[in-house]
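K.L.:
Quick one, what's the 3D model for this:
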Amino acid sequence: MNILITGANGQLGNCIRNASVGLSNNYIFTDVAELDITDADAVRSMVMNNSIDMIVNCAAYTNVDKAEDDPEFAELLNAGAVRNLAEAIRDNGGTLIHISTDYVFGKEPYNVPCREDQTGTPTGVYGITKLHGEQAIRDSGVKAIVIRTAWLYSEYGKNFVKTMLNLTSTKPELKVVFDQTGTPTYAQDLADAIIDIIEHGKYVGNEGIYHYSNEGVCSWYDFTKIIAEMAGNTACDIQPCHSCEFPSKVVRPSYSVLDKTKFKETFHLKVPYWTDSLKNCINNLQTNEA
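P.N.:
Numbering: from 1, shown residues only. The predicted structure is shown next:
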């Protein structure tokens, strides 16, 4: 089977690259230099010329604040490009696995984990355009699995864990918001789950929307405290603060914990607890620095 991975130079794309080593299926990794997914003709040619059976779309416009100033391009990449991928793989008789976000929620004051069938109430351009991408998939009629995830981090690129490892090792004190609650997700865990779904054919007949993050719940403040503790950065005084102390162009979800029951029951996969996965990531980062 020929599987196209888009956004391959991002966090999840790199982790899927790791997880696919030595497998019998043919994984083809592309980023914008190899394939402009906003170009419908280029996408169609790639799919047809390479006999693509499945697309895993890891590409997205993910800069939440910048999206407020660049809504047209965010819409193009998060919705228009998704439509291109969906229609191309549909016409080739294949399946799309698409990565979405907890930011499709947020406007309503949730206090229980968000379910897949819950109405999306995004609070900013990023969440709105990602929701439009989901709608484009549904409207296309393609066989698809949409996986919403949250608070993604890894050894690759820029992310919260790497930023906080740096700040807590160099700053005497730090304020981090405690009124935004969710669940960190180690990109390698998600990548491993996606590869398992593909390699064992679990995608067949299981089209739909699913939620995946690591197990557990925390605030960004809690997340930072544990990052610093695991890294041994104990000299930094980390204090909780309100979101209003860090003015932003977009209101971020105050509670976006994802209910993963459907994912676990459908694909029969165990989801790691967030601190266990965080420890693995930090150990890898520290080993690479040594």
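
K.L.:
What segments of the stretch 101-250 of the chain are strands?
P.N.:
With DSSP state E, counting those that start in this stretch as the criterion, the stretch 101-250 of the chain has strands at 143-149, 152-153, 173-177, 181-182, 185-186, 208-211, 218-219, 237-241.

K.L.:
State the distance from Ser51 to Leu96.
P.N.:
Counting by C-beta to C-beta, to the nearest Å, the gap between Ser51 and Leu96 amounts to 16 Å. The way it works is simple: take the backbone N, C-alpha and C, and place the C-beta from them, glycine included.

K.L.:
nope, Asp65 is what I meant
P.N.:
With C-beta to C-beta as the criterion, Asp65 and Leu96 are 28 Å apart.

K.L.:
For those two, indicate the residue with more neighbours.
P.N.:
Neighbour count, other C-beta atoms under 10 Å: between Asp65 and Leu96, Leu96 has more, with 25 against 13.

K.L.:
so who does that one touch?
P.N.:
Contacts for Leu96 (C-beta atoms under 8 Å, 6 or more residues apart in numbering) come out as Met54, Ile55, Asn57, Leu85, Ala86, Ile89, Arg90, Ile137, Val142, Lys143, Ala144, Ile145.

K.L.:
Then Met1?
P.N.:
When contacts are counted by C-beta under 8 Å, 6+ apart, Met1 touches Asn25, Asn26, Asp53, Met54, Ile198.

K.L.:
Run through the stretch 101-250 of the chain and note the low-pLDDT ranges.
P.N.:
Within the stretch 101-250 of the chain, the segments meeting pLDDT under 70 span 109.

K.L.:
Sketch out the helices for it, chain order is fine.
P.N.:
Along the stretch 101-250 of the chain, counting by DSSP state H, counting those that start in this stretch, helices occupy 125-140, 160-170, 187-199, 220-231.

K.L.:
helices or strands next to the third one in the packing?
P.N.:
Helices and strands in packing contact with helix 187-199 are listed as helix 11-19, strand 54-57, strand 95-101, strand 143-149, strand 152-153, helix 261-267, helix 274-289; criterion 3 or more C-beta pairs under 8 Å, 6 or more residues apart in numbering; DSSP states H and E.

K.L.:
and if we set it to 6 Å?
P.N.:
Counting by 3 or more C-beta pairs under 6 Å, 6 or more residues apart in numbering; DSSP states H and E, the packing neighbours recorded for helix 187-199 are helix 11-19.

K.L.:
just the last one next, same as before
P.N.:
Contact analysis of helix 220-231 by 3+ C-beta pairs under 6 Å, 6+ apart lists helix 160-170, strand 173-177, strand 237-241, helix 274-289 as its packing neighbours.

K.L.:
Buried ones in the longest one, by neighbour count?
P.N.:
When you say that, I think you mean helix 274-289. Neighbour-count burial for helix 274-289 flags Trp274, Thr275, Ser277, Leu278, Cys281, Ile282, Leu285 (criterion: 16 or more other C-beta atoms under 10 Å).

K.L.:
Turn the helices and strands packed on helix 220-231 into TSV, including distance to Ser256.
P.N.:
Shown next, in TSV, are these (distance: least, C-beta to C-beta, whole Å):
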stretch	distance to Ser256
helix 160-170	14
strand 173-177	13
strand 237-241	18
helix 274-289	14
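
K.L.:
Asp41: which of the ones you listed is closest?
P.N.:
Set against Asp41 and scored by C-beta to C-beta, those come closest in helix 160-170, at 37.1 Å.

K.L.:
Export the closest one to CSV, keeping only CA atoms.
P.N.:
What follows is helix 160-170, C-alpha atoms only, in CSV (Å, rounded to 0.1, in the frame of the first residue of the first chain):
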residue,chain,number,x,y,z
PHE,A,160,5.7,24.1,24.7
VAL,A,161,7.9,21.4,26.3
LYS,A,162,11.1,22.6,24.6
THR,A,163,10.2,26.3,25.3
MET,A,164,9.6,25.6,29.0
LEU,A,165,12.8,23.5,29.3
ASN,A,166,14.7,26.5,28.1
LEU,A,167,12.9,29.1,30.2
THR,A,168,12.9,27.1,33.5
SER,A,169,16.7,26.6,33.1
THR,A,170,17.5,30.2,32.4
